[in-house]
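1. Fold the following, please.
(chains A and B)
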2 protein chains.
Amino acid sequence: MIECQAIGTVRSRFLDPVGMPIQTAAVPDEAGRVELLPAFAPGLKDIEGFEFLILITHLHRVTQERLEVVPFLDDVAHGVFATRAPTRPNRLGLSVVRLERVEGTVLHFTGSDMLDGTPVLDIKPYVPRFDARETQRIGWFSRRIDAVAGVRADNRMG
Amino acid sequence: MIECQAIGTVRSRFLDPVGMPIQTAAVPDEAGRVELLPAFAPGLKDIEGFEFLILITHLHRVTQERLEVVPFLDDVAHGVFATRAPTRPNRLGLSVVRLERVEGTVLHFTGSDMLDGTPVLDIKPYVPRFDARETQRIGWFSRRIDAVAGVRADNRMG
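-> Predicted structure coming up:
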């Protein structure tokens, strides 16, 4: 077993999984914030120089881990590692958000696809040279990707 | 405390942190593989349709967690959340790799910046609409990014 601890908490207007946006890219203007635990404050030095941050989170409200899942964007099952569904082993979430401003230990961002109260496990600066790839090979998403802006979460991950 | 478990293990030719490439983008042709634990095999269904995968890993050889760190690419200290240094709280790694082929529960990939034996915590399909952003605002990296292909890890993270 590998133990992790929350370094902070996401605050957003989403109090319930049902009806949430399913990706930050679908809601680029949705505001949220990370409230970092004060003990980690020195880790923020120079973070204001970055436009985007990667948040690794614990999807704390997921009650099941499934290896095959019908994702929000589709109506047939795929292996969970071929989806971004939250019902995955270790329940780790990945969100790329736009850093709007830093106030002490609070990171204000836009692009919130996270529930209020979501524990944050890591914050990394987004660097296109490291993190961006061009590809057309996106598996089953190629049939469904244009729906992402309109689709919202439902209760299938409960 | 949040408990995670390895879903598999990275195999690579890097047996020691010193001398390793520091990002997958620096070594696009470096081969490696994920050996998934057999229990998670159903989670791979349809994964072969994706060109790139995101691996979230546990940086198991890191012995210290530091909040301010002099990263491999620089010679001055930054907050760890403004760097990609491994000596971070929770020691989570993020690697975007190119999936070359799937053999049973083994994922062969290129772009290995990971130590042999690294525990894998999650595998997500890389989808540019979700994961790629364009930005010039990359903080202190803007002075250093061109060095990434040549810089290798040293013993400062021990």
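
2. And what about the one residue sitting closest to the centre of chain A, helix, strand or coil?
-> By C-alpha atoms, centre = their mean, the mean C-alpha position of chain A lies nearest to A:Ser95, the distance being 3.0 Å. Classification of A:Ser95 by DSSP: H, G, I helix; E, B strand; the rest coil places it in strand.

3. for it, what are its contacts?
-> Contact criterion C-beta atoms under 8 Å, 6 or more residues apart in numbering or on different chains gives A:24, A:54-55, A:57, A:111-114 as the residues in contact with A:Ser95. From N, CA and C alone the C-beta is placed, and that goes for glycine too.

4. just curious, which of the residues you listed is nearest to chain B?
-> A:Ile54 (6.7 Å; C-beta to the nearest C-beta).

5. can you pull out the strands in chain A?
-> A:2-4, A:8-11, A:31-36, A:52-58, A:68-69, A:78-79, A:92-103, A:106-110, A:119-125 (DSSP state E).

6. A:Trp140 is nearest to which of those?
-> Closest approach to A:Trp140 among the strands of chain A is made by strand A:78-79 (6.0 Å; C-beta to C-beta).

7. and that closest one, does that touch chain B?
-> Yes: using C-beta under 8 Å from any C-beta of the partner chain, strand A:78-79 reaches chain B at A:78-79.

8. That strand - contacts with which helices or strands?
-> Strand A:78-79 sits against strand A:68-69, with contacts defined as 3 or more C-beta pairs under 8 Å, 6 or more residues apart in numbering or on different chains; DSSP states H and E.

9. other SSEs contacting the strand it packs on?
-> Using 3+ C-beta pairs under 8 Å, 6+ apart: strand A:68-69 touches strand A:78-79.

10. The strand it packs on pairs with which strands, and in what direction?
-> Its sheet considered, strand A:78-79 pairs with strand A:68-69 (antiparallel) by DSSP bridges.

11. The partner strand: how far from the chain's middle?
-> Put simply, strand A:68-69 sits 19 Å off its chain's centre (C-alpha atoms, centre = their mean, to the nearest Å).

12. picking up where we left off before, restricted to buried residues, select the contacts of A:Ser95 in ChimeraX.
-> A single ChimeraX command selects the buried members of the contacts of A:Ser95 (16 or more other C-beta atoms under 10 Å in any protein chain shown):
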select /A:24,54,55,57,111,112,113,114
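
13. For the contacts of A:Ser95, work out which two are farthest apart.
-> That would be A:Ile54 and A:Ser112, which, of the contacts of A:Ser95, are the farthest apart (C-beta to C-beta) at 14.0 Å.

14. For A:Val34, list the residues it contacts.
-> The contact partners of A:Val34, by C-beta under 8 Å, 6+ apart, come to A:8-11, A:55, A:106-107, A:109, A:120, A:123.

15. again with A:Ala85
-> A:66, A:69, A:71-72, A:157.

16. List buried residues within those.
-> Buried members of these, scored by 16+ other C-beta under 10 Å, are A:66, A:69, A:71-72, A:157.

17. Under the pLDDT cut-off, which ranges of chain A? List them.
-> A:158 (pLDDT under 70).

18. number of nearby residues for the nearest residue to A:Phe50 once chain neighbours are set aside?
-> With sequence-adjacent residues excluded and distances taken as C-beta to C-beta, 6 or more residues apart in numbering or on different chains, A:Phe50 is closest to A:Pro125, at 4.3 Å. For A:Pro125, the neighbour count with other C-beta atoms under 10 Å in any protein chain shown is 26.

19. what residues are up against the nearest residue to A:Gly150 once chain neighbours are set aside?
-> Nearest residue to A:Gly150 in three dimensions, chain neighbours excluded: A:Ala26, at 8.0 Å (C-beta to C-beta, 6+ apart). When contacts are counted by C-beta under 8 Å, 6+ apart, A:Ala26 touches A:113, A:148-151.

20. Please identify which pair of these lies farthest apart.
-> It's A:Asp113 and A:Gly150 that sit farthest apart of the contacts of A:Ala26, by C-beta to C-beta, at 13.9 Å.

21. how near is A:Glu3 to B:Met1?
-> Using C-beta to C-beta, to the nearest Å, we find A:Glu3 at a distance of 5 Å from B:Met1.

22. With A:Gly79 instead?
-> From A:Gly79 to B:Met1 the distance is 29 Å (C-beta to C-beta).

23. So for the two, which sits in the more crowded spot?
-> Legend: neighbour count by other C-beta under 10 Å for A:Gly79 and B:Met1, higher for A:Gly79 (21 against 7).

24. For the more buried one, which non-adjacent residue is closest in space?
-> Closest to A:Gly79 by C-beta to C-beta, 6+ apart is B:Lys45, at 3.3 Å.
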